[in-house]
Structures are given as C-alpha cells and as structure tokens.
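Student: Build me a structure from this.
(one chain, ligands or ions: 1)
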Amino acid sequence: MNLRAHAKINLSLAVGGVRPDGYHELRTVFQSLALHDTLRFAEADEGLAIACSAPGVPLDERNLVWKAARLVWAAAGRRGEPRGRVRITKRIPAQGGLGGGSADAAAALVGWDRLWATRLPAGRLRDLARGLGADVPFFLWAGTALGLERGDEIHPLDDAPSRWVVLVFPPFGVSTPEAFRWWDEDERPRAASPEPALGVLGTALSDVERPQADLLAVFNDLEAPVSRRHPELLESRRALEGAGAEAAAMTGSGSTVFGLFGSRLAARAASDRLRSVARRTIVTRTATRLQAGLLVG
Ligand code: C5P
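Tutor: Numbering: from 1, shown residues only. I've put the predicted structure just below:
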C-alpha cells in the first residue's frame with residue numbers, strides 16, 4: 001500500500017507570545033505542494049523495519065514514522081511490538097521548512113492504521129498527530145489551512161488559487177528551535193503587548209471568518225531574525241522577486257525560500273536564472289486538499 005506525503009509552505013507565518021509550555025503562539029497559513037515523498041507499507045512477521053532512499057535519515061525509534069507505528073499499535077489495543085515494513089522514497093529536502101519529516105509522520109499514522117485495519121476515527125488520528133509535532137496535524141488536512149496555537153490547531157480554508165512555486169535552497173540550514181530563539185532575541189523585547197501570551201493572536205476565531213483574500217498575504221515573521229544571521233536569505237528572496245515572482249518569502253523556520261508564479265513557463269525561467277546564486281532549486285506547484293489530503297477519499 002502506497003501513500004503520498006506532500007510538502008508544505010507557509011504562505012504566511014505570524015509569531016505571537018511564548019506559551020507556558022515554551023512554544024510560541026502562531027498564526028500561519030499552510031499550503032500543500034505537489035512535491036511529495038512516497039511511503040510504501042507492507043506486512044512483516046516480526047518487528048518494525050524502515051528503509052529510506054535518502055542517507056542520514058534515522059531508521060529506528062528516532063524516526064517519527066516509527067513513533068507513529070507505536071502510537072497506532074497502542075491506540076488499537078494491540079500487544080507486544082508493532083509489526084510492519086515501510087519504505088520511504090524521499091523527494092522533500094530535509095530540514096528546509098517544507099515539513100518533510102512531519103508529512104511522513106502524518107502519512108505513517110494513516111498508513112499503519114490502514115495496514116493493520118485499525119480504523120481509528122479521524123479525531124483520534126488528529127490527537128496522535130499533535131503528539132508527534134506541531135506541524136503534523138496540518139498534513140492530515142492538507143490543501144490550504146489556517147494553523148493557530150502552536151500551529152497545530154487547524155482550520156481548513158478553501159483551496160487557494162493554484163500557483164507554480166519555485167523553491168530556492170540557500171547554502172545553509174536553520175534548525176527550528178534556533179529560528180525561534182533568534183526571534184526571541186531580536187523581536188520579543190520589541191513586542192508591545194503587555195500580555196504576550198495573548199499578543200496579536202487573541203482574535204483567532206474572527207480570523208477564520210475573515211475573507212480568504214486577507215489570509216493569503218505572503219510574509220514570515222521568522223525571516224528577519226534569520227536574514228540578520230544569514231544575509232544570503234534576503235538575496236534569495238530578492239532574486240526571486242527580481243525574476244518575476246508575484247510574492248516570495250521564507251517557509252517555516254527556513255532556510256528554503258519560495259516564490260509564487262502564474263505559469264510554468266515563468267517559474268522555469270526564474271528557476272534557470274536563480275541556479276547561479278542558489279545551491280539548488282525545485283519547480284513545483286500548489287496542491288489542493290483533494291490532491292494532498294490524507295483523510296480524503
Ligand atoms: O514541535 P516541533 O518538533 O516541530 O518543534 C520544534 C521546536 O521548535 C520546539 O521545541 C520549539 O523550540 C520550537 N517551536 C516553537 N513554537 C512553535 C513551534 C515550534 O517555539 N509553535
């Protein structure tokens with residue numbers, strides 16, 4: 001049995017105050033991409049086995065796909081160790097803000113559930129997804145969605161208008177805790193709100209009702225603190241804008257930068273121009289909920 005684990009970008013990402021659990025309040029609009037990993041699940045007589053096409057991916061209990069197996073097995077009330085095999089074909093570059101590991105984790109929850117015919121209700125899968133990481137619940141929904149709280153309270157939105165997307169990979173990586181720490185250092189002292197835990201994100205529900213167009217602004221609050229430490233990031237965004245992108249921004253905690261384009265031709269031309277400044281580029285397009293969602297169909 002095969003499942004696709006689609007990458008995401010954050011069309012927008014607003015950071016609020018720090019919560020009692022140490023996470024930051026977020027208001028982000030996620031958007032699925034056609035770019036995806038593939039996970040192939042199969043029965044096994046004993047134990048779990050993960051194989052992956054990309055080197056450097058842990059193939060043991062450190063992998064979220066393994067953790068997902070444990071969670072589904074336990075939720076199904078089954079005894080002993082989970083039994084199954086999965087082969088991950090990786091196309092989503094790791095640690096770039098495209099959610100590759102989280103997308104695989106969400107696909108694994110659904111994959112193990114189907115392989116073992118556990119038939120957990122969707123709400124249960126969403127709870128398990130939250131436990132695997134702040135980004136994981138989005139990948140069950142996919143398409144275009146608003147993420148609140150830690151980014152894990154998902155409100156599905158109508159699919160955004162289709163766009164071609166050029167992904168640019170600058171020659172450095174950023175870890176998620178690092179990006180949030182830099183935001184704390186630079187931006188938190190300047191935040192005006194006396195109650196940062198509520199901060200700018202206090203009006204969550206009215207945001208959901210706001211017109212779709214408002215929600216589709218492109219920006220990322222983590223971009224300035226990352227750019228300050230890695231000026232190449234700003235260069236990549238400017239290069240995308242110079243190559244005709246309708247809008248461009250860093251995705252997630254970086255370091256990938258994306259540009260939106262109206263046609264494949266325009267996206268290809270921009271990608272060719274950027275190849276001289278970027279380590280790597282990928283041309284893809286946005287994917288709808290129907291194309292990318294794990295709980296549809
Ligand atoms: O949940 P996840 O593993 O994706 O988060 C990694 C780290 O990123 C957290 O431990 C935290 O330091 C930071 N983070 C945060 N606020 C969020 C999401 C992540 O501070 N909303």
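
Student: Going by C-alpha atoms from here, please, whenever you check contacts or count neighbours.
Tutor: Noted.

Student: As a check, name the ranges of all helices in the stretch 51-200 of the chain.
Tutor: For the stretch 51-200 of the chain, applying DSSP state H, counting those that start in this stretch gives helices covering 64-75, 100-115, 122-132, 136-141, 176-186.

Student: so which of the ones you listed gets nearest the ligand?
Tutor: Taking CA to the nearest ligand atom, helix 176-186 is the member of the helices of the stretch 51-200 of the chain nearest to the ligand, at 3.9 Å.

Student: just checking, what packs against the longest strand seen in the chain?
Tutor: Secondary structure assigned by DSSP state E gives strand 24-42 as the longest strand of the chain. Here strand 24-42 touches strand 2-18, strand 84-89, helix 100-115, strand 144-148, strand 280-285, helix 289-292, going by 3 or more CA pairs under 8 Å, 6 or more residues apart in numbering; DSSP states H and E.

Student: out of these, which comes closest to Ser175?
Tutor: Among these, helix 100-115 comes nearest to Ser175, with 13.0 Å by CA to CA.

Student: What parts of the stretch 51-200 of the chain come near the ligand?
Tutor: By CA under 6 Å from any ligand atom, the residues of the stretch 51-200 of the chain that approach the ligand are Gly133, Ala134, Asp135, Arg150, Gly151, Thr176, Pro177, Phe180.

Student: Reformat the helices and strands packed on strand 24-42 as TSV; add mean pLDDT, mean neighbour count and distance to Leu64.
Tutor: Listed next are the helices and strands packed on strand 24-42 as TSV, based on pLDDT from 0 to 100; neighbours: other CA atoms under 10 Å; distance: least, CA to CA, whole Å:
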stretch	mean pLDDT	mean neighbour count	distance to Leu64
strand 2-18	95	24	13
strand 84-89	98	19	12
helix 100-115	97	25	5
strand 144-148	95	26	21
strand 280-285	96	19	25
helix 289-292	97	20	20
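
Student: would you list those in TSV and tack on distance to Pro161?
Tutor: Shown next, in TSV, are those (distance: least, CA to CA, whole Å):
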stretch	distance to Pro161
strand 2-18	12
strand 84-89	29
helix 100-115	22
strand 144-148	10
strand 280-285	11
helix 289-292	12
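
Student: Ok, which of those comes nearest Ser227?
Tutor: strand 2-18 (15.3 Å).

Student: what packs against the closest one?
Tutor: Using 3+ CA pairs under 8 Å, 6+ apart: strand 2-18 touches strand 24-42, helix 100-115, strand 219-220, helix 289-292.

Student: Against which helices or strands is the second one packed?
Tutor: Helices and strands in packing contact with helix 100-115 are listed as strand 2-18, strand 24-42, helix 64-75, helix 122-132, helix 136-141; criterion 3+ CA pairs under 8 Å, 6+ apart.

Student: Name the residues that touch it?
Tutor: The contact list for helix 100-115 (CA atoms under 8 Å, 6 or more residues apart in numbering) reads 1-7, 37, 39, 41-43, 64-65, 68-69, 72, 92-94, 119-120, 125, 128-129, 132-133, 135-137, 139-140, 294-295.

Student: Near Ala267, how many residues? Count them for me, please.
Tutor: For Ala267, the count of nearby residues is 27 (other CA atoms under 10 Å).

Student: Please identify the deepest-packed of the helices of the stretch 51-200 of the chain.
Tutor: The highest mean neighbour count among these, using mean count of other CA atoms under 10 Å, belongs to helix 136-141: a mean of 27.

Student: Any regions of the stretch 51-200 of the chain where pLDDT drops low?
Tutor: Applying pLDDT under 70 to the stretch 51-200 of the chain picks out residues 189-200.

Student: Go again with 50.
Tutor: Where the stretch 51-200 of the chain drops to pLDDT under 50, the residues are 192-200.

Student: The helix or strand hosting Leu234 packs against which elements?
Tutor: Secondary structure assignment for Leu234, by DSSP states H and E: helix 232-242. For helix 232-242, the elements it packs on are helix 223-229, strand 247-250, strand 257-261, helix 264-274, judged by 3+ CA pairs under 8 Å, 6+ apart.

Student: Of the ones you listed, which is nearest the ligand?
Tutor: In terms of CA to the nearest ligand atom, the element of the helices and strands packed on helix 232-242 nearest to the ligand is helix 223-229, at 14.0 Å.

Student: so how far is that closest one from its chain's centroid?
Tutor: Relative to its chain's centre, helix 223-229 lies at 20 Å (CA atoms, centre = their mean, to the nearest Å).
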